[in-house]
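Visitor: how would this look folded up:
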Amino acid sequence: MASVPKNSARRLWCYGELEGESVLNIQDESLYLHTPSLVSTPRHQESELCLTQAMCAMEQSLLSQTEVDDTKCPYLFATWDEYYLIIRYLSCDGNKAPKAFAFDVEMYLNNFLASSHTLRLSLCAVAADVYLSQEAAATYFQQARQALLLEFSSPTVECVLACTLLFQLAVKNGDIVSGTKYLQWGLIILCSLQLEIDPNDLQFVQCLNERQSEERRRVFWEFYHSYLLASSLDDGDVLDIPNFTQVNAPQQVLDGSNTIFRHKPVLYFECLILRLISTSKRRYATPPSSILDSCTNLQLSLNALRARIPPSLLITSKFPESMTAEEESFCMLQVSVAQDALPKFNILLHAATSIIFRPTLFLATKIEYPPHVKRAIATAATECIRSGLQIVTIASFSLYISSTTTPETRDLFSMEGSQFALFEAIAVFWFVYTKMDPRWWSLITCRIMTSACYVSDCTRL
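Guide: As a prediction, this is how the structure comes out:
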């Protein structure tokens, strides 16, 4: 087994190349169908599909792989260990049929040997981070980066998706700065391939079938969502905010009774929210001309955005600090019908509300203001506190459901990626309890519960 440098975990996602080769013991003759150490046996009703995909992939000629010097770049040859590692990740350790939002999993697995090296290694890096070790993920990460450099001169749509995956993995491991570099590369490739234009409006891709066109569209949205997320976390010095408006929202695609791409109703609105957050951060970087000018236009934009979101996607409750049994049941029904991560989406919406009003809230360290300014500050404080309470309530309910339900439902209630929204609620609670003049409570129409149960929920989150 090839060795992994001892310090690889400390510089997991840096741009310096790691010494050593793959942490997996792959031999040229290891083309086999079963790897117990890497993947659990799929459920009976899905095993036939997985076997068929494996057989289709194995029927390809090894000559379909790019001709490279295998002594210098052994990772540019796909292996069946990697094939089953990717299946393990896409099927949640064999608990469901392999699916992905941004690409056609069936076609990818059938053409595994001929697929992009960058995408294959990026998927392996993400999968290894979940099922193997950080050292394995670090090695795949560096190999994916090297493969991207080799493919950069003649990039494909798969390279854009690979850049997205590498960014997401870097963020997951706490290195946003390094991950941003892959978004910058991905944006160059995206524009060169004209992915920012819907396939229906491009003459040279009219030959694509429905599945291929939707895959192209979804690769764009997956990348754009990650780019806007990074932009919302950026100080404005690294990433600009491109205004891409020519690509249609993701649509459901069926092949007979087989669902190739599921409907994803919230992604388009998530991008609008992230763009608004990015805009607000850049707006607040310049001191306003007056107190009331600080967020008036942003509030109007937020109201316009809220009006565009279908009510069926909004999780509501009579009291922001709790949900009744009927409201929880209705929330479950909403998620079941939408088949999308509505809790995470609503938490992001409440975080955006808090972010826009919070600079005005920070003026509440004193209460001696003219009446019209005092009303604006009281409104901002109410909105921030209500949003913080809603974030905690929805997150607490989602974590409870995630711990007591099936793997597929667990994904719909996952809080992965919501840590920044949760931190927004914490920042608001910290300010109102430690910095805000207590006399403001008489003007605020919202209260923060201090019961032991509620404090426990906040601490757990």
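Visitor: domains of this structure?
Guide: Listed domain ranges for the chain are 44-261, 309-460 (source: automatic domain parsing).
Visitor: Reformat those as TSV; add mean neighbour count, distance to residue 275 and mean pLDDT.
Guide: Heads up, the C-betas are built off the backbone N, CA and C, glycines and all. Formatted as TSV, the domains of the chain follow (neighbours: other C-beta atoms under 10 Å; distance: least, C-beta to C-beta, whole Å; pLDDT from 0 to 100):
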stretch	mean neighbour count	distance to residue 275	mean pLDDT
domain 44-261	18	5	81
domain 309-460	18	10	86
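Visitor: Please produce JSON lines containing these, extended by distance to residue 279.
Guide: JSON lines is the format used below for the domains of the chain (distance: least, C-beta to C-beta, whole Å):
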{"stretch": "domain 44-261", "distance to residue 279": "7"}
{"stretch": "domain 309-460", "distance to residue 279": "10"}
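Visitor: Select, out of those, the one closest to residue 280.
Guide: Between residue 280 and the domains of the chain, the tightest spacing by C-beta to C-beta is seen for domain 309-460, at 5.3 Å.
Visitor: Tell me how far the closest one lies from the chain's centre.
Guide: 20 Å (C-alpha atoms, centre = their mean, to the nearest Å).
Visitor: Start at 762, not 1
Guide: With the count now opening at 762, the last piece we talked about shows up as domain 1070-1221.
Visitor: of all the domains of the chain, which lies closest to residue 1037?
Guide: Comparing the domains of the chain by their distance to residue 1037 (C-beta to C-beta), the top pick is domain 1070-1221, with 5.8 Å.
Visitor: Relative to residue 1030, which of the domains of the chain is closest?
Guide: domain 1070-1221 (5.4 Å).
Visitor: Which residue ranges of this protein form strands?
Guide: Secondary structure of the chain by DSSP state E: the strands cover 1014-1016, 1019-1022.
Visitor: Distance to residue 1202 added to those, as TSV?
Guide: Below are those laid out as TSV (distance: least, C-beta to C-beta, whole Å):
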stretch	distance to residue 1202
strand 1014-1016	53
strand 1019-1022	49
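Visitor: wait, which of the ones you listed is closest to residue 930?
Guide: So among the strands of the chain, strand 1019-1022 is nearest, using C-beta to C-beta, at 22.8 Å.
Visitor: For residue 875, give its distance to residue 1116.
Guide: Residue 875 sits 45 Å away from residue 1116, taking C-beta to C-beta, to the nearest Å as the criterion.
Visitor: One more: residue 1138?
Guide: 16 Å.
Visitor: ok, now which ones touch residue 1156?
Guide: With contact taken as C-beta atoms under 8 Å, 6 or more residues apart in numbering, residue 1156 is in contact with 1104, 1108, 1176, 1179, 1183, 1222.
Visitor: check contacts around the residue nearest to residue 1034 when sequence neighbours are not counted.
Guide: In this structure, residue 1034 finds its nearest non-sequential neighbour in residue 1113, 5.0 Å apart by C-beta to C-beta, 6 or more residues apart in numbering. Residue 1113 makes contact with 1034, 1037, 1038, 1041, 1063 under the criterion C-beta under 8 Å, 6+ apart.
Visitor: now those residues: which count as buried?
Guide: Among these, those buried by neighbour count (16 or more other C-beta atoms under 10 Å) are 1034, 1037, 1038, 1041, 1063.
Visitor: By pLDDT, give me the weakest of the residues you listed.
Guide: pLDDT is lowest at residue 1041 among the buried ones among the contacts of residue 1113; the value there is 86.
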